[in-house]
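> I'd like to go over a predicted model; first the sequence, then the structure.
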Amino acid sequence: MLTKLNETLTYLKSKTNLQPEIGMVLGTGLGKIIEHIQIDVRLDYTDIPHFPVSTVESHKGHLIFGTLEGKSIVAMQGRFHYYEGYSLQEVTFPIRVMKLMGIRHLLLSNAAGSLNRNYRKGSLVLLDDHINFLPDNPLRGLNHTELGPRFPDMSQPYSIALNALFKQVAQEQNISLPKGIYVAVPGPNLETRAEYRMFSNYADMVGMSTVPEVIVANHMGLPCAAVSVITDECDPDHLEVAQLSEILAAAAEAEPMLITLFKGVIGRL
């Protein structure tokens, strides 16, 4: 892994002199924030050594370096998922690259289904904790002490300081941003009624991403925060067939609020 990381870093440093302070993973609902970035360079994942390639239709495949709200940033326009066939080491490889390039904060977004019936479609929820139901762990295997400890602490996976900043910006902008617990599942199928009932005993929303990236961020001592866009309501007693078009429409509805939050937080870091 160390050899691959060094080769990727060498390539990226040959393409830009920008030293990013903040990393972003632009999941569903945050794609248009690219329009607010003063772009230095945009690289296709296919051209970056050892990078996976996003196979999900709604996820672009670009690594973007630029400036946003006066801060130098690197943004993943499209992420990778376990269900695409990648190992979790591959899924999280870009997080390690961004940290080694110098980022000090990691901000993530995702689409999620609500298990908490108070969280409605089109709303935003700030992740306060998570439960990992993925059948693997990105830290499994040989540990490289240069990257982080063998047994990283996960008592506070999401930065208290970053979450407080998100809440402050949300209050100032009159944006509802409750906290919630996110459960990560393998996908790509959605859950059964019985699974929704089980998960609702422990979590507020369910999705297929984010947790691996957060585990690796914690392993490397990188403060992170994540916001879920609620794109469908998972009430097992009134369950409707999920449609991708409706999920994307719900994400688009929440996108302006999410962009406002991210810009406000980045401007104060």
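Structure received.
> From the centre of the protein, point out the most distant residue.
Residue farthest from the centre of the chain, counting by C-alpha atoms, centre = their mean, is residue 237 at 29.6 Å.
> give me every residue that touches the nearest residue to that one once chain neighbours are set aside.
Nearest non-adjacent residue to residue 237, counting by C-beta to C-beta, 6 or more residues apart in numbering: residue 193, 7.9 Å away. Where C-beta positions appear, they are placed from N, C-alpha and C, glycine not excepted. If you count contacts by C-beta atoms under 8 Å, 6 or more residues apart in numbering, residue 193 has them with 236-237, 239.
> which regions of the stretch 1-150 of the chain sit below the pLDDT cut-off?
For the stretch 1-150 of the chain, the stretches flagged by pLDDT under 70 are 29, 55-60.
> mind redoing it with 80?
Scanning the stretch 1-150 of the chain for pLDDT under 80 picks out the ranges 28-31, 54-60.
> And the strands in it, which stretches?
22-26, 38-44, 62-68, 71-77, 105-114, 124-132 (DSSP state E, counting those that start in this stretch).
> Check which residues of stretch 41-54 are buried.
The neighbour-count check on stretch 41-54 (16 or more other C-beta atoms under 10 Å) flags 42-43, 45, 48, 51-52, 54 as buried.
> so which two of those are the farthest from each other?
Greatest spatial distance in those: 42 and 52, 17.5 Å, computed using C-beta to C-beta.
> Dump the contacts of residue 193 to TSV, plus distance to residue 109, secondary structure and pLDDT.
Below are the contacts of residue 193 laid out as TSV (distance: C-beta to C-beta, whole Å; DSSP: H, G, I helix; E, B strand; the rest coil; pLDDT from 0 to 100):
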residue	distance to residue 109	secondary structure	pLDDT
236	26	helix	87
237	29	helix	87
239	25	coil	82
